[in-house]
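Engineer: Could you work out the structure for the sequence below:
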Amino acid sequence: MKTLYIFYFFVASACAKSCVHEWRSYHGTGEPMVYGVFVGNYNTGIPAFIGRGSYDDLRVTGRIQMSDPKGMYHVSGGSIHRITGGLEYLVKNPNYDYKWIPSANGEYVEDAISPGYTPGREVHYVGRIKVDGRTFYGKMIPNVGMYYEDGNQKQALTSKYELIICTVPSK
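Structural biologist: As a prediction, this is how the structure comes out:
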């Protein structure tokens, strides 16, 4: 019986260090994203938030802008796609710490935020890059790098980027 209690304590302790993410529905109506996790000001001045949506039977990450009620933007296959189905935005939990950390070459840390798993495909993580004072949001694929929109409705790949991580503060 002691073994069971030790196992339970170990599992509970390990799980307690992870962030549990909340995603709220976004209907593309320009509604405010209460406690949405902010990515940055896209194209100098337009606030963008972390979102995810359905695309080709996958759960993909993208940026949602309150000023654009038509959906979310996702980088894939060399171009930018506007997604309008199954949209959700990441909710900032006040009990967790969110921060952007530098990374490169497809590397990531355990606390990196993923929009979810995609059956038969690699997991994507939430990334961003800043170029000439503008923030570009994208998806980071392990061992590849980060794909992002280059500002001209084209997909670009970078080996240096920032990842958003979520940690539980130590007490």
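Engineer: Would you mind extracting the C-alpha trace of the lengthiest strand in the chain into PDB?
Structural biologist: Taking DSSP state E as the criterion, the chain has its longest strand at strand 46-55. Output in PDB follows, covering the C-alpha atoms of strand 46-55 (Å, rounded to 0.1, in the frame of the first residue of the first chain):
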ATOM      1  CA  ILE A  46      -2.900  45.800 -34.500                       C
ATOM      2  CA  PRO A  47      -3.100  43.600 -31.400                       C
ATOM      3  CA  ALA A  48      -2.800  39.900 -32.000                       C
ATOM      4  CA  PHE A  49      -3.600  37.000 -29.700                       C
ATOM      5  CA  ILE A  50      -2.800  33.300 -29.600                       C
ATOM      6  CA  GLY A  51      -5.500  31.300 -31.300                       C
ATOM      7  CA  ARG A  52      -6.200  27.800 -32.700                       C
ATOM      8  CA  GLY A  53      -8.700  26.500 -35.200                       C
ATOM      9  CA  SER A  54      -9.700  23.600 -37.400                       C
ATOM     10  CA  TYR A  55      -7.900  23.300 -40.800                       C
END
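Engineer: to the chain's geometric centre, what's the distance from it?
Structural biologist: A distance of 8 Å separates the centroid of the chain from that of strand 46-55, by CA atoms, centre = their mean, to the nearest Å.
Engineer: ok now the helix or strand following that strand, how far from the chain's centre?
Structural biologist: Toward the C-terminal end, the helix or strand that comes next after strand 46-55 (DSSP states H and E) is strand 58-64. A distance of 8 Å separates the centroid of the chain from that of strand 58-64, by CA atoms, centre = their mean.
Engineer: just stretch 49-60 next, same as before
Structural biologist: Centroid separation for stretch 49-60 versus its chain: 10 Å, with CA atoms, centre = their mean.
Engineer: again, but for stretch 82-90
Structural biologist: The offset between the C-alpha centroid of stretch 82-90 and the centroid of the whole chain comes to 12 Å, using CA atoms, centre = their mean.
Engineer: Put the alpha carbons of it into PDB.
Structural biologist: C-alpha atoms of stretch 82-90 as PDB (Å, rounded to 0.1, in the frame of the first residue of the first chain):
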ATOM      1  CA  ARG A  82      -7.800  32.500 -43.100                       C
ATOM      2  CA  ILE A  83      -9.600  30.000 -40.800                       C
ATOM      3  CA  THR A  84     -13.100  30.600 -39.600                       C
ATOM      4  CA  GLY A  85     -14.100  27.200 -38.200                       C
ATOM      5  CA  GLY A  86     -13.700  26.000 -34.600                       C
ATOM      6  CA  LEU A  87     -11.800  29.100 -33.400                       C
ATOM      7  CA  GLU A  88     -10.500  29.400 -29.900                       C
ATOM      8  CA  TYR A  89      -8.200  31.700 -28.100                       C
ATOM      9  CA  LEU A  90      -5.700  30.900 -25.300                       C
END
